[in-house]
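Peer 1: Fold the stuff below for me.
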Amino acid sequence: MHDQPAADVPDEPHAGEEPGHSPRGDDGPADRPATDGPGGPADGPDGPAADSASVTRQPGGSGGWRGLGARLAGLLDSRPRKVGAAVAALLVVVILAVVFAGGGGNDNGGENGDLVSADAGPVPDASALLPDADANPDADPAPDASARPAVTRSPKPIGKWTLMVGDRRMDDMTLAAGVEVSLAAGTSSLDGVERVRFSLDGKTVLTDRDSPFTVRLDQLSNGDHVLSARVRLDYDPAAATVEPVSGSGNPNVIEADFRVGDGDGDGATSPGQAPAVAPPPAAVTSVPPAPKPLRTVKVSTSGELTSALAAAKPGDLIQLADGVYKGNFVGDRPGTAAAPVTVRGSRGAVIDGGDVKKGYVFHLDGANYWRLEGFTIRNGQKGLMVDQTNHAVIHQLAVTQIGHEAVHLRNFSSDNLVAGVTVNGTGRDNEGFGEAIYVGTAESNWEKFSGGRPDNSDRNQIIGNTLSGFTAEGVDIKEGTTGGVIAGNSIDGSAITGANYADSWIDLKGNGWRVEKNSGVNSPLDGIQTHVVVDGWGTGNLITGNTLDLRGPGYGVNIHKPDDTDNVVSCSNVVKNAASGPYNVGCS
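Peer 2: Here you go, the predicted model:
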């Protein structure tokens, strides 16, 4: 139902909605903006161009050639002079040498008859001053030496890094929505790059902590745009000696100008624009086994756990001894597909945040390819918070006694699996914020926390979990998320309070989700709901094969705006004890 900032910052009021099934932007703040290292302004203009060939005028007196002749005649006059004849003769020789070396007079005449240096020497080969065309297809062409004096222009210099589309530099390209952009090495490698924050037209799109550093630009309006990449190094950024790709601003910010389509758009994007909805994916049938660890680190105290997390490397297994680990813990060192980082313990290994009013008990932050297995999380405002994390496996945890939501995947966290988790006891601080499992960010918080764009936490799978004692929804899926699966979960809604209009087991506001073979019991209103909070979202979902023992006044499945959405409700659902009927739409 909500989003809320880190630690002990209180929640803001939810965006209002009318009771019932009206669209809602129902959340207070949740997401913290990505925090990168210090940086300065965006890069400025290109470097200076080479000087053009000089065209120099020298004063020659008011009489031009006639004046010069008169002066020479004076010097050659045989009448006695104070200057000796030898000196006069020497001066004549010097003056004549200067005149003839200068290339003659002004053949075009002219009012003043000034001396003109009409040739600054041979025209240089301009192509030799530019990078090879094959190596840099976007470089300026060599000047036509026959058409103008020698004027050379430097191309936009390549710095340590550059933004690429395929094998071409992004600068000045015309592109379409859906393009994938990567940060590539320029004059050196990507070694030492810890994270890259991509911003489109000044608004953060993604912070990528895992090489290759890429961003997909799915929602672009026609017109001119600027993509920037702010690079954070794993050492002091102020010590880096890096050439910017363009201009003289922060050397750790790279910018590329590009254009979309042929229109005259103002560069703004439509944050609510939803991608085309693909058919919902299939549910995974098993949890992938953990690879054999490369190193095992055994811990039994809070300090040892903190140190092991801070020093985690791909392939590490952090093995928790039974006991209580008090504090708030963070995993932020990425693993790899072949060598994930695993934190494993029994239910007797308890991570205890100590206060349901503040803090994340366990926080995965940019922790791609992590596995959390078996242990217990309790006593925090948030249980497990997952930010900007992809390909994580969250398996067989127990999450209990939590102030707000138990498990939250957000801030562009995709391709994660939450399986076999037991949740009991949320909303201890605020009942309206007590979801069991929450995916994405509410539209009311996109501007503040995701650069005004949908939080595309996509393709997450919520499989085989046991959810009870939650005070808001069992599974809350936000607008902006796509292509996930909710399957095989056991959900008891007896503790749902109805605060902030939480009145169902599952609330779908994303697109293309599969909701399959879940079982639910006891709901204050409906079993499964969809909502259209933002136009284009809340559609393309499939609800099939679920067993819904409602024991309440509503529908087993309630579809919001059925005439405007393409949600599919299968007749294979089994609905019992629903006072309003099985569905508010026809099944198929």
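Peer 1: Least confident secondary structure element in this protein?
Peer 2: The weakest-scoring helix or strand in the chain, judged by mean pLDDT, DSSP states H and E, is strand 115-116 (a mean of 28).
Peer 1: neighbouring strands for whichever helix or strand comes after that strand, and are they parallel or not?
Peer 2: Counting by DSSP states H and E, the element after strand 115-116 in chain order, helix or strand, is strand 161-165. Note on strand 161-165: by DSSP bridges, its sheet partners are strand 168-169 (antiparallel), strand 179-185 (antiparallel).
Peer 1: OK, contacts around the nearest residue to Ser570 once chain neighbours are set aside?
Peer 2: The spatially closest residue to Ser570, leaving aside those adjacent along the chain, is Thr544, at 3.7 Å (C-beta to C-beta, 6 or more residues apart in numbering). Every C-beta, even on glycine, is put in place using the N, C-alpha and C of the backbone. Shown in contact with Thr544 (C-beta atoms under 8 Å, 6 or more residues apart in numbering): Arg514, Val515, Glu516, Val568, Val569, Ser570, Ser572, Asn573.
Peer 1: which of the strands paired with strand 161-165 is buried the deepest?
Peer 2: Highest mean neighbour count among those (mean count of other C-beta atoms under 10 Å): strand 179-185, with a mean of 18.
Peer 1: contacting residues around that one?
Peer 2: Here strand 179-185 makes contact (C-beta under 8 Å, 6+ apart) with 160-165, 170, 190, 193, 196, 198, 212-217, 220, 227, 229, 231, 254, 256.
Peer 1: Provide a list of residues in contact with the residue nearest to Ile394 when sequence neighbours are not counted.
Peer 2: Of all residues not flanking Ile394 in the chain, Val418 sits nearest, at 4.7 Å (C-beta to C-beta, 6+ apart). Shown in contact with Val418 (C-beta under 8 Å, 6+ apart): Ile394, Val407, Leu409, Ile437, Asn460, Gln461, Ile462, Ile463, Asn465.
Peer 1: Let me know the pLDDT of Val418.
Peer 2: In this prediction, Val418 carries a pLDDT score of 99.
Peer 1: and it, that's in a strand?
Peer 2: Yes - assigned with DSSP: H, G, I helix; E, B strand; the rest coil, Val418 falls within a strand.
Peer 1: so it bridges to which residues?
Peer 2: Ile394, Ile462.
Peer 1: any idea how far it is from Val585?
Peer 2: Counting by C-beta to C-beta, to the nearest Å, the gap from Val418 to Val585 is 29 Å.
Peer 1: Just list the residues touching Pro582, thanks.
Peer 2: Shown in contact with Pro582 (C-beta under 8 Å, 6+ apart): Leu548, Tyr555, Gly556, Val557, Asn573, Val575.
Peer 1: Now do the same for it: helix, strand or coil?
Peer 2: Assigned by three-state DSSP, the conformation of Pro582 is strand.
Peer 1: Please determine how far it is located from Ile491.
Peer 2: From Pro582 to Ile491 the distance is 17 Å (C-beta to C-beta).
Peer 1: swap in Gln461?
Peer 2: From Gln461 to Ile491 the distance is 16 Å (C-beta to C-beta).
Peer 1: Look at those two and report which has more neighbours.
Peer 2: Ile491 (29 against 20; other C-beta atoms under 10 Å).
Peer 1: Name the surrounding residues that touch the helix or strand hosting that one.
Peer 2: Taking DSSP H and E as the definition, Ile491 sits inside strand 490-492. Here strand 490-492 makes contact (C-beta under 8 Å, 6+ apart) with 436, 465-469, 474-475, 505-506, 518-522.
Peer 1: So what are the sheet partners of the next helix or strand after that strand and their directions?
Peer 2: Toward the C-terminal end, the helix or strand that comes next after strand 490-492 (DSSP H and E) is strand 506-508. Sheet partners assigned to strand 506-508 using DSSP bridges are listed as strand 475-477 (parallel), strand 528-530 (parallel).
Peer 1: Make sure Asp224 is indeed in a strand.
Peer 2: Yes - using three-state DSSP, the secondary structure at Asp224 is a strand.
Peer 1: Surely it is in contact with Asp257?
Peer 2: Yes - if you go by C-beta atoms under 8 Å, Asp224 and Asp257 touch, sitting 6.8 Å apart.
Peer 1: re earlier: could you dump the contacts of Pro582 to TSV with pLDDT?
Peer 2: Formatted as TSV, the contacts of Pro582 follow (pLDDT from 0 to 100):
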residue	pLDDT
Leu548	99
Tyr555	99
Gly556	99
Val557	99
Asn573	98
Val575	99
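Peer 1: what sits against the nearest residue to Asp172 once chain neighbours are set aside?
Peer 2: Leaving aside its sequence neighbours, Asp172 sits nearest to Asp257 (C-beta to C-beta, 6+ apart; 6.1 Å). The contact partners of Asp257, taken as C-beta under 8 Å, 6+ apart, are Asp171, Asp172, Asp224, His225, Val226.
Peer 1: Local confidence estimate at Asp257?
Peer 2: 88.
Peer 1: for Ile477, same thing?
Peer 2: pLDDT recorded at Ile477 is 99.
Peer 1: again with Gly315
Peer 2: Looking at Gly315, its pLDDT reads 98.
Peer 1: okay, now it: neighbour count?
Peer 2: By other C-beta under 10 Å, neighbour count at Gly315 equals 18.
Peer 1: From Gly380, how far off is it?
Peer 2: Distance from Gly315 to Gly380, by C-beta to C-beta: 29 Å.
Peer 1: and what of Pro291?
Peer 2: As judged by C-beta to C-beta, Pro291 and Gly380 stand 30 Å apart.
Peer 1: Which one's more surrounded, the two?
Peer 2: Shown here are Pro291 and Gly380; by other C-beta under 10 Å, Gly380 has more neighbours (32 against 16).
Peer 1: nearest spatial neighbour of that one, skipping sequence neighbours?
Peer 2: The shortest distance from Gly380 to any residue other than its chain neighbours is 3.0 Å, reached at Gly353 (C-beta to C-beta, 6+ apart).
Peer 1: Now that that neighbour has come up, it's in contact with Met385, right?
Peer 2: No - applying C-beta under 8 Å, one finds Gly353 not in contact with Met385, separated by 11.0 Å.
Peer 1: Just the pLDDT at Leu220, thanks.
Peer 2: Leu220 is assigned a pLDDT of 80 by the prediction.
Peer 1: Just to check, it is in contact with Phe258?
Peer 2: No - with contact defined as C-beta under 8 Å, Leu220 does not count as touching Phe258 (9.1 Å).
Peer 1: Among the contacts of strand 490-492, name the buried ones.
Peer 2: 436, 465, 467-469, 474-475, 505-506, 518, 520-522 (16 or more other C-beta atoms under 10 Å).
Peer 1: mind putting the contacts of Pro582 in JSON lines, secondary structure and neighbour count included?
Peer 2: Shown next, in JSON lines, are the contacts of Pro582 (DSSP: H, G, I helix; E, B strand; the rest coil; neighbours: other C-beta atoms under 10 Å):
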{"residue": "Leu548", "secondary structure": "strand", "neighbour count": "27"}
{"residue": "Tyr555", "secondary structure": "strand", "neighbour count": "27"}
{"residue": "Gly556", "secondary structure": "strand", "neighbour count": "29"}
{"residue": "Val557", "secondary structure": "strand", "neighbour count": "28"}
{"residue": "Asn573", "secondary structure": "coil", "neighbour count": "23"}
{"residue": "Val575", "secondary structure": "strand", "neighbour count": "20"}
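Peer 1: Alright, that wraps it up for me.
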